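Participant: quick one: sequence plus predicted model below, questions after.
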Amino acid sequence: MSGLYDDQLLNELLRGTQSLVGEWGLSDQTDVRLLTISENMTCLAYDPTQDKQLILRVHRPGYHTREEIQSELLWINDLRQQGVIETPKPITTRSGAAIASFSTGHDIRDVVAFSFMSGKEPATNAELINGFRQLGSISAKLHTHSQNWVRPETFVRKTWNFNTMLGATPLWGDWRAATGLTEAGQHTIEQACLMIQDQLETYGMRDNRFGLIHADLRLANLLIDGDRLGVIDFDDCGLSWFMYDFAAAISFIEDDPIVPSLQSAWIEGYRDHRPLSAVDEAMFPTFIILRRILLTAWLASHSETPTAQELGSGFTAVTVDMATQYISRHQ
């Protein structure tokens, strides 16, 4: 899962993506430009002959099957049809296929297209508090849809539980490989993991607590344009605890002083549309440290990404500090 996104591979992927633009009715004058690299590679394709632009997502091989990708798109389409949230529309190819692909010589890369959505990533400032009140409302609507939606028999997505996050079968790699992790730090996180597992087992996985969620509502996957808060990138959507969506929303800013205000705002917005019990609210610290350790594992297994290179061992150190605080509060 960790293959290097070096310059040679990036150029190869861009050429492969360029070769597919005709699948979505774009001309050979279309410019394909890299936007981001995370789990996948995301590009902006602009066709000047039509003044048309699409977002193309080039999937990292070995992570999602085609069935999983198609299932993601099915959920997005139903959310759009029901008016649950504002999110880019999946664009099919001229033949009506949801997925196109090209070969790099080493593997097959699946590519999906989305309509372009305007807006910018929210900034971490006082205005974000109002944004999180809105995000809480959006999350509640997503969760209600998730509970009520009858998923197609072909629907398959990953399950984000303790084992697939931090346990025996981690989907994002082993947090023990984190940059700069000391023996003492490893012991601390191991203690925290035991407590997390115990808390999750007690909390349980009832239908009103566990279901299909976005699972990655972090700031980079939100687009603000005026009063509209758009949601993008359902690539990690899967079955997990509903309250985990808040923890994902504060990814990479978990230790920021603004987080308690963000949490209060999110809860307020959530309760405007869906019940949230005191038991649910009490689980927030557990989901926050769970997500933080999971991100630490992701950075270790995706060391070639700009995010991992930027954060480095400092992120690991803060994770250990947060684990220490979690342990002290739950002993």
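Facilitator: On my side now, so go ahead.
Participant: how about Leu311, what does it touch?
Facilitator: 252, 299 (Cβ atoms under 8 Å, 6 or more residues apart in numbering). To be clear about C-beta, it is placed using only N, CA and C from the backbone, and glycine gets the same treatment.
Participant: and it, how far is that from Gly180?
Facilitator: For Leu311, the distance to Gly180 equals 11 Å [Cβ to Cβ, to the nearest Å].
Participant: just to check, Gln134 is in contact with Tyr270?
Facilitator: No. Counting by Cβ atoms under 8 Å, Gln134 does not reach Tyr270; the two are 10.6 Å apart.
Participant: for those two, indicate the residue with more neighbours.
Facilitator: Shown here are Gln134 and Tyr270; by other Cβ atoms under 10 Å, Tyr270 has more neighbours (27 against 17).
Participant: now whichever helix or strand that one is part of, how far from the chain's geometric center?
Facilitator: Using DSSP states H and E, Tyr270 falls within helix 259-271. Put simply, helix 259-271 sits 20 Å off its chain's centre (Cα atoms, centre = their mean, to the nearest Å).
Participant: using PDB, write out every CA atom in that helix.
Facilitator: Extracted in PDB, the C-alpha atoms of helix 259-271 (Å, rounded to 0.1, in the frame of the first residue of the first chain):
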ATOM      1  CA  VAL A 259     -11.100  21.800  19.700                       C
ATOM      2  CA  PRO A 260     -13.300  22.000  22.800                       C
ATOM      3  CA  SER A 261     -15.300  24.800  21.100                       C
ATOM      4  CA  LEU A 262     -15.400  22.800  17.800                       C
ATOM      5  CA  GLN A 263     -16.800  19.800  19.700                       C
ATOM      6  CA  SER A 264     -19.500  21.900  21.500                       C
ATOM      7  CA  ALA A 265     -20.500  23.400  18.200                       C
ATOM      8  CA  TRP A 266     -20.600  20.100  16.400                       C
ATOM      9  CA  ILE A 267     -22.700  18.500  19.100                       C
ATOM     10  CA  GLU A 268     -25.100  21.500  19.000                       C
ATOM     11  CA  GLY A 269     -25.600  21.200  15.200                       C
ATOM     12  CA  TYR A 270     -25.900  17.400  15.500                       C
ATOM     13  CA  ARG A 271     -28.700  17.600  18.100                       C
END
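Participant: and it, what does it pack onto?
Facilitator: If contacts are counted by 3 or more Cβ pairs under 8 Å, 6 or more residues apart in numbering; DSSP states H and E, helix 259-271 sits against helix 127-148, helix 244-249.
Participant: deepest-packed of those, please.
Facilitator: Ranked by mean neighbour count, those are led by helix 244-249 with a mean of 25 (mean count of other Cβ atoms under 10 Å).
Participant: got the contact list for that helix?
Facilitator: 132, 135-136, 139, 142-143, 160, 213-219, 262-263, 266, 284, 287-288, 290-292.
Participant: hmm, back to that, and the helix holding Tyr270, what's buried?
Facilitator: Going by neighbour count (16 or more other Cβ atoms under 10 Å), the buried part of helix 259-271 is 259, 262-263, 265-267, 269-270.
Participant: what angle sits between it and helix 127-148?
Facilitator: 40 degrees (axes from the mean of the first three to the mean of the last three Cα atoms, to 10 degrees).
Participant: sorry, back to before: could you dump the helices and strands packed on helix 259-271 into TSV with mean pLDDT and distance to Gly185 added?
Facilitator: Shown next, in TSV, are these (pLDDT from 0 to 100; distance: least, Cβ to Cβ, whole Å):
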stretch	mean pLDDT	distance to Gly185
helix 127-148	97	30
helix 244-249	98	21
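Participant: now the helices for the stretch 101-250 of the chain?
Facilitator: According to DSSP state H, counting those that start in this stretch, the stretch 101-250 of the chain carries its helices in the segments 127-148, 162-165, 183-203, 244-249.
Participant: then the shortest one to PDB, C-alphas only?
Facilitator: What that stands for is helix 162-165. Provided in PDB are the C-alpha atoms of helix 162-165 (Å, rounded to 0.1, in the frame of the first residue of the first chain):
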ATOM      1  CA  PHE A 162     -10.700  -1.700  16.600                       C
ATOM      2  CA  ASN A 163      -9.100  -4.600  14.900                       C
ATOM      3  CA  THR A 164      -9.000  -2.900  11.500                       C
ATOM      4  CA  MET A 165      -7.700   0.400  13.000                       C
END
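Participant: pLDDT averaged over stretch 58-68 - what is it?
Facilitator: Mean pLDDT, computed over stretch 58-68, is 95.
Participant: check contacts around the closest residue to Gln147 other than its chain neighbours.
Facilitator: In this structure, Gln147 finds its nearest non-sequential neighbour in Gly211, 5.7 Å apart by Cβ to Cβ, 6 or more residues apart in numbering. Applying Cβ under 8 Å, 6+ apart to Gly211 gives the contacts 143, 146-147, 239, 242.
Participant: can you map out the strands along this structure?
Facilitator: Along the chain, counting by DSSP state E, strands occupy 31-37, 41-47, 52-58, 90-91, 100-103, 108-115, 210-213, 222-225, 228-231, 238-241.
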